[in-house]
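J.: Give me a 3D structure for the following:
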Amino acid sequence: MISKISSSIEAALVDVRDGATVMVGGFGGAGMPNELIDGLIAQGAKDLTIVANNAGNAEFGLAALLKAGRVRKVICSFPRQADSHVFDSLYRAGKLELELVPQGNLAERIRAAGAGIGGFFTRVGYGTELSKNKETREIGGAMYVFEQPIHADFALIKAERGDRWGNLTYRMAARNFGPVMAMAAKTAVASVHDVVELGGLDPEVVVTPGIFVHRLVKIPREATVASGYKTT
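T.: Here you go, the predicted model:
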């Protein structure tokens, strides 16, 4: 019997190795898999490359992972916000590498990895520091920059419901990067609030098919507010 349900967060993350590239879903507080991030901190892997929309807020979630000294490099679109003091201090001290990627390019680079595409040309970033040392080409009278796909060893994402085969649905905006990250990673780990029986999910509403998901962890639903963000 196929079952991708892990007994615990610890079991789901046991093989994350030092130096791994880890994608982390979420847009601000929406869809951030905080429980999986906390589990990654407890697991102890270091020298990680984190691929995410932003570089953490306050001192929880990704910021806590950075503060624990586990991250070598961040690939993201929004590293700095009003409460991103952990990232700021580490980056200014030269203890953290940053690859800044426009958000549309970030999503498409991740999607390209999952779709088996070797790269793509985009007008975004041409003529700026972001296109330095990258291939450029004129297409239809406009200049484009070549962007490569972003692959990952692991993806940590947050979904709403799942079944033992790993089929997932999401809650509104909490979906964000989850589907493309699951496709782009060798091992996708998803937290869910509800685990249903096979057939309990309407195939028409399954966003991420189980073929892209390797491990599932059920977590309790909590309606709490932390630094202005409500868990979903």
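
J.: Can you find the helix or strand in this structure with the smallest mean pLDDT?
T.: Least confident helix or strand of the chain, by mean pLDDT, DSSP states H and E, is strand 225-226 with a mean of 44.

J.: Need the distance between the two termini of stretch 122-137.
T.: Taking C-alpha to C-alpha, to the nearest Å as the measure, stretch 122-137 stretches 10 Å from start to finish.

J.: Also stretch 201-221?
T.: Chord length of stretch 201-221, first to last residue, is 19 Å (C-alpha to C-alpha).

J.: centre of the chain versus it, how much separation?
T.: In terms of C-alpha atoms, centre = their mean, to the nearest Å, the centre of stretch 201-221 is found 16 Å from the chain centre.

J.: average pLDDT for that stretch?
T.: For stretch 201-221, mean pLDDT is 94.

J.: list the buried ones in it?
T.: Across stretch 201-221, burial judged by 16 or more other C-beta atoms under 10 Å covers 201, 206, 208, 210, 212-217, 219. (Each C-beta comes from the backbone N, C-alpha and C, glycine too.)

J.: With stretch 69-84 instead?
T.: Residues 70-71, 74-77, 79, 84 are the ones in stretch 69-84 that count as buried (16+ other C-beta under 10 Å).

J.: Same question for stretch 17-34.
T.: 20-27, 29-34.

J.: from those residues, which is closest to Ile2?
T.: In terms of C-beta to C-beta, no member of these lies closer to Ile2 than Pro33, at 22.9 Å.

J.: per-residue confidence at that closest one?
T.: The model's pLDDT for Pro33 equals 95.

J.: Once you drop chain neighbours, what's closest to it?
T.: Closest residue to Pro33 apart from its sequence neighbours, by C-beta to C-beta, 6 or more residues apart in numbering: Lys158 at 4.0 Å.

J.: Over to Leu36?
T.: Distance criterion C-beta to C-beta, 6+ apart; nearest residue to Leu36, sequence neighbours excluded, is Leu156 at 4.2 Å.

J.: again with Ala42
T.: Glu10 (7.1 Å).

J.: In a markdown table: the buried residues of stretch 69-84, plus distance to Met143 and pLDDT.
T.: Converted to a markdown table, the buried residues of stretch 69-84 look like this (distance: C-beta to C-beta, whole Å; pLDDT from 0 to 100):
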| residue | distance to Met143 | pLDDT |
| --- | --- | --- |
| Arg70 | 39 | 95 |
| Val71 | 34 | 97 |
| Val74 | 28 | 97 |
| Ile75 | 24 | 97 |
| Cys76 | 25 | 96 |
| Ser77 | 22 | 94 |
| Pro79 | 26 | 90 |
| Ser84 | 32 | 85 |
